[in-house]
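Q: build the 3D model from these lines:
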Amino acid sequence: MIDTSFQISSASNVPLGQRRPMPVFANAFDVTQIPVKAYEQYDVMTPDVESVRWRHRIVERLQNHEAPRVFRLCLFDGKSILYSAAPLDLPDGTSGNYTLVVPGKGRVTVKVARVAGETVTFDDLKRFLTGNISDQTPKVSVALNLLQFIIRQAPNLKYPNNGRAYFTSGGSKDLRGGLQLFRGFFQSVRPAIGRVLVNIDISAAAMYKPGPFVDIALEVLNIRGNARALSYKKHSKEWNILSQFFRNVLVDIKLPKKTVTKKIVGLVEAAGRFPFTQEQEDGSSLPTTVAEYYYKTYNIRLSFPDIIGIELSRGSGKNTVIPAELCTVAAGQRYTRKLPQNMTSMMVDFSKFRPEKRLEMIVGQKGDRVQPPTLEYATSPYIRDAGMEISEKPITIQGQLLKPPTIFYGNRQSADVNNGAWNITRQHLHSPEIIRAWAVVDYSLRLDQNVIKAFMDTLEQCCIARGMCVRAKPSYKRGSGVGSVDRDIKEACSLALVSAGAPPGYNKPPEIVLVILPQSAAEIRQDVKRAGDVTLGVSTQCVREDNIAKFSGRQLDQYCNNIAIKINARLTGVNSIPSSPAYDWFIKEDFMFFGADVGHPGPGVQNKPSVASVVFSYDRYGVKYSAISRVQQPRQERIGELGPMVYDAITRYGKVNGKAPRRLMFFRDGLSEGEYVGVGELEFQDIKEAVRRVWAEVKLRDPPPLITYLIVGKRHHVRFFPKNPQDGDRKSGNVQAGFVASEGIANPIAKDFYLLSHGGILGSWCTVCAAMFRLTDYVWPFPASRPAHYIVLKDEIFNFDIKPIQEVAFTLCHAYVSATRSVSIPAPVYYADKVCARAEYHFDATLRYLDGDGATVASSNTCEKQSFNLSQWRSGYAQTHSSMLARMFFA
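A: Alright, predicted model coming up:
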């Protein structure tokens with residue numbers, strides 16, 4: 001029976017599934033009046049100041065203290081450009097020098113000079129929005145950037161910020177460990193067809209806790225009130241923790257007549273005893289110590305001369321050493337490194353809000369502890385001076401709700417999909433595999449062997465219930481721990497083959513090695529995955545002892561079912577097949593789905609490479625994938641070896657299927673808007689060149705495949721909220737899975753759409769979210785249903801008919817083999833993310849890829865690029881074992 005709540009809509013010659021209209025609110029606000037003023041540009045030159053933070057303070061000093069009549073309503077980009085709606089009355093007409101004293105910095109010289117050229121107007125932007133200009137020209141881009149500065153200037157001068165978002169202490173939370181959480185707001189101007197929107201979202205940031213350095217250091221180490229405990233030796237465990245935590249942190253140094261603010265570059269042991277020579281008035285030098293210097297110069301007697309101090313400068317053998325007890329961690333500093341796991345969970349708890357509450361916070365009410373930008377726009381002097389007006393009400397979007405695909409299991413039995421989730425309890429897998437031999441390696445600390453046996457019996461029963469054939473009981477080996485994992489797995493494989501009755505000389509590994517890990521065992525897990533994926537070529541599945549211990553009954557069955565479907569996929573089995581009209585049309589021709597991503601080292605890390613990954617389907621249903629990865633220069637977003645990687649993928653596809661693909665659908669993760677034209681266009685040409693190379697070498701007479709290249713964006717702040725409560729998910733209140741929108745919020749220069757493919761769970765933070773943010777970008781969006789943003793850059797298959805592309809993408813979100821619910825991005829993109837994240841298993845241990853202390857971290861105020869030895873990283877990066885190429889070890 002057809003569900004009449006859906007309306008069938010056809011597009012070109014591609015059949016479509018059913019969809020129905022659904023209105024929603026979006027967290028975007030109309031710019032009802034674009035500024036009419038023209039702005040002049042000025043260079044702000046501060047040769048001795050490179051820090052963005054200090055540049056902002058200098059301009060604020062000019063505006064509010066030194067020359068307010070000249071600079072009062074100027075807009076500063078945080079780097080070197082100042083915008084003014086009226087000519088500045090500078091001392092020399094078009095330029096001027098200013099000497100000012102900045103608290104914490106001292107005397108600074110600033111030169112401001114008029115930039116020769118045209119003034120910035122909004123005329124081209126208006127023509128761009130109405131379609132009279134088809135491309136986003138430099139003038140349009142400059143006008144949009146200027147709108148960003150206009151809306152952000154007032155809050156960014158008042159609050160800690162990262163340029164795009166600002167944060168306040170209202171409703172803050174103490175994390176302990178020297179950190180606290182602030183709430184705040186992200187705001188960004190975005191062009192849409194016929195309109196300009198301001199995208200506003202609530203965010204949170206981890207902040208360094210302000211206060212005495214000694215107190216913060218003790219808190220970081222979880223030591224109570226004993227300052228003398230900080231007398232650590234260089235490179236001790238505690239020293240390394242503090243050195244990493246405080247690197248590049250600003251501290252206020254309080255002296256009798258002044259306070260200066262400086263950045264920590266290192267630590268010094270026994271700072272009060274630190275010896276140096278002090279130049280005397282007669283030109284001679286006398287040896288002294290830091291403690292003696294502070295007593296003689298400032299009459300300050302150090303209470304703790306034997307504890308660590310801070311180092312402010314390096315070079316030429318000279319150090320500036322400050323006793324820790326004189327330092328205070330400055331307020332308003334964001335923590336941009338990776339949060340510890342226990343703090344990550346606290347961040348998630350801090351961010352739990354139902355969608356209706358989230359929208360309430362964005363729209364705001366007078367009297368809120370943290371005022372949203374919507375209530376500040378009407379009073380912002382910069383917005384008022386520009387003549388700009390912004391609506392206080394969020395826009396309404398008319399989207400559509402796609403009918404979910406059908407999920408087929410064995411014997412063409414289908415599962416009922418409800419808001420992105422389904423149950424496989426009574427299902428047989430589509431193509432279940434055979435387990436002839438398997439092994440257990442046990443590294444647990446507390447589990448009894450009877451508990452492990454009961455768990456393995458339940459897992460075996462679940463595998464059989466899902467249709468898999470299990471021909472032998474698993475062998476058991478007690479693991480020895482870190483340093484012996486390779487040997488443990490080799491021995492476990494031998495025991496498994498003996499237990500399964502393999503004939504002498506049989507040298508294939510068992511189907512799966514299940515490894516039981518203690519609760520914290522990152523090193524063992526790394527060794528297990530490296531042994532399985534790279535060294536030995538055997539499929540591994542890790543489980544944690546706390547999960548085995550805490551689950552029982554139906555929960556244990558569910559846990560074991562989840563493990564069973566992972567095992568089946570890693571043995572080249574097929575769990576289920578997604579089906580929708582557009583998807584089925586696409587796979588009627590020989591095809592390949594691709595997912596691609598680039599994983600980068602952490603913020604500021606310069607001496608570690610980026611890793612590029614490409615995954616590709618090689619079966620007739622689009623559910624079996626293989627992976628290729630390569631090492632490239634740090635922070636290079638373009639996939640440098642994409643051509644050879646796509647060549648290898650098509651070649652492997654040909655060997656498996658005995659024919660060439662006719663359609664390639666390429667999902668590219670991670671490109672920003674500024675990279676669409678440059679990186680996206682070049683990568684599309686790399687794919688084309690790889691196809692030409694294959695066709696030439698194999699001498700194929702068939703026409704080359706048609707290619708569709710899409711960018712899948714996840715790092716954005718667009719959110720949707722049900723306008724009608726009945727359209728929301730009953731449990732979470734989020735918009736239902738399958739919602740798609742383009743009209744009213746679409747990009748003027750590209751075919752794009754937003755697709756919410758997964759069901760929302762209040763306060764959830766799934767593994768794909770962790771992959772999205774690499775757990776380092778701590779301007780955290782609050783957990784809520786986040787749509788993926790799809791940009792169709794090139795489309796030879798559908799001819800830019802957007803609806804079938806939406807349906808194929810939505811269907812692929814139900815094809816992730818390790819879950820029985822839809823995921824937030826198409827499966828090939830998800831896999832590419834995970835392959836990048838698994839790079840750590842491929843690097844030689846001597847390269848210290850995972851060692852935080854082995855990383856060279858660039859300070860935030862330098863643009864110097866260090867030389868990078870890519871060849872040593874490539875030689876130290878082992879490729880996946882040949883026997884694992886067809887196995888989805890990354891799922």
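
Q: what number of residues are in the vicinity of the nearest residue to V14 once chain neighbours are set aside?
A: Using CB to CB, 6 or more residues apart in numbering and skipping the chain neighbours, the partner closest in space to V14 is P804 (4.1 Å). (Each C-beta comes from the backbone N, C-alpha and C, glycine too.) Using other CB atoms under 10 Å, P804 has 25 other residues around it.

Q: so what strands line up beside the one helix or strand R20 maps to?
A: Per DSSP states H and E, R20 falls inside strand 18-33. In the sheet, strand 18-33 lines up against strand 7-8 (antiparallel), strand 195-208 (antiparallel), strand 389-402 (antiparallel), strand 720-722 (antiparallel) (DSSP bridges).

Q: any idea which helix or strand comes after it?
A: Per DSSP H and E, the first helix or strand lying C-terminal to strand 18-33 is strand 40-45.

Q: what helices or strands is that next one leaning on?
A: helix 52-61, strand 81-84, strand 106-114 (3 or more CB pairs under 8 Å, 6 or more residues apart in numbering; DSSP states H and E).

Q: can you do 6 Å?
A: Contacts defined by 3 or more CB pairs under 6 Å, 6 or more residues apart in numbering; DSSP states H and E place strand 40-45 against strand 81-84, strand 106-114.

Q: I'd like the mean pLDDT over the shortest one, please.
A: Model confidence over strand 81-84, given as mean pLDDT, is 93.

Q: got it, and stretch 70-77?
A: Averaged across stretch 70-77, pLDDT comes to 91.

Q: between the two ends of that stretch, how far is it?
A: 18 Å (CA to CA, to the nearest Å).

Q: okay, buried residues for that stretch please.
A: 70-71, 73-77 (16 or more other CB atoms under 10 Å).

Q: now, those that are in strands?
A: 75-76 (DSSP state E).

Q: reformat the buried residues of stretch 70-77 as JSON lines; add distance to H881.
A: Converted to JSON lines, these look like this (distance: CB to CB, whole Å):
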{"residue": "V70", "distance to H881": "67"}
{"residue": "F71", "distance to H881": "63"}
{"residue": "L73", "distance to H881": "63"}
{"residue": "C74", "distance to H881": "60"}
{"residue": "L75", "distance to H881": "56"}
{"residue": "F76", "distance to H881": "54"}
{"residue": "D77", "distance to H881": "50"}
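
Q: ok, the buried residues of stretch 70-77 vs A85, which is closest?
A: Nearest to A85 out of these is L73 (CB to CB; 7.0 Å).

Q: can you verify my assumption that that closest one contacts D385?
A: Yes: the criterion here is CB atoms under 6 Å, and L73 meets it with D385 at 4.8 Å.

Q: out of the buried residues of stretch 70-77, who's nearest D123?
A: Once CB to CB is applied, the member of the buried residues of stretch 70-77 that ends up nearest D123 is L75, at 18.6 Å.

Q: same question for the strand holding R20: list its buried residues.
A: 18-20, 22, 24-31.

Q: in JSON lines: those residues, plus pLDDT and distance to G96.
A: Listed next are those as JSON lines, based on pLDDT from 0 to 100; distance: CB to CB, whole Å:
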{"residue": "Q18", "pLDDT": "95", "distance to G96": "67"}
{"residue": "R19", "pLDDT": "96", "distance to G96": "61"}
{"residue": "R20", "pLDDT": "95", "distance to G96": "63"}
{"residue": "M22", "pLDDT": "96", "distance to G96": "57"}
{"residue": "V24", "pLDDT": "96", "distance to G96": "51"}
{"residue": "F25", "pLDDT": "96", "distance to G96": "48"}
{"residue": "A26", "pLDDT": "96", "distance to G96": "45"}
{"residue": "N27", "pLDDT": "96", "distance to G96": "42"}
{"residue": "A28", "pLDDT": "96", "distance to G96": "40"}
{"residue": "F29", "pLDDT": "97", "distance to G96": "38"}
{"residue": "D30", "pLDDT": "97", "distance to G96": "39"}
{"residue": "V31", "pLDDT": "97", "distance to G96": "34"}
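
Q: dump these to a markdown table, plus distance to M468.
A: A markdown table is the format used below for the buried residues of strand 18-33 (distance: CB to CB, whole Å):
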| residue | distance to M468 |
| --- | --- |
| Q18 | 35 |
| R19 | 36 |
| R20 | 39 |
| M22 | 40 |
| V24 | 42 |
| F25 | 46 |
| A26 | 45 |
| N27 | 46 |
| A28 | 48 |
| F29 | 53 |
| D30 | 56 |
| V31 | 58 |
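
Q: which residues touch the longest helix seen in the chain?
A: If you go by DSSP state H, the chain has its longest helix at helix 138-158. Contacting residues not belonging to helix 138-158 are listed as 60, 75, 120, 122, 124-125, 128, 166, 187, 189, 380, 382-383, 386 [CB atoms under 6 Å, 6 or more residues apart in numbering].

Q: how many residues are close by the nearest residue to G744 once chain neighbours are set aside?
A: Take G744 and drop its neighbours on the chain: the residue closest to it by CB to CB, 6+ apart is I397, 4.8 Å away. Neighbour count of I397, defined by other CB under 10 Å: 22.

Q: for I397, give me its contacts.
A: Here I397 is in contact with 24, 26, 741, 744-745 (criterion: CB under 6 Å, 6+ apart).

Q: one more time with 10 Å
A: Applying CB atoms under 10 Å, 6 or more residues apart in numbering to I397 gives the contacts 22-26, 28, 718, 720-721, 723, 739, 741-745, 754.
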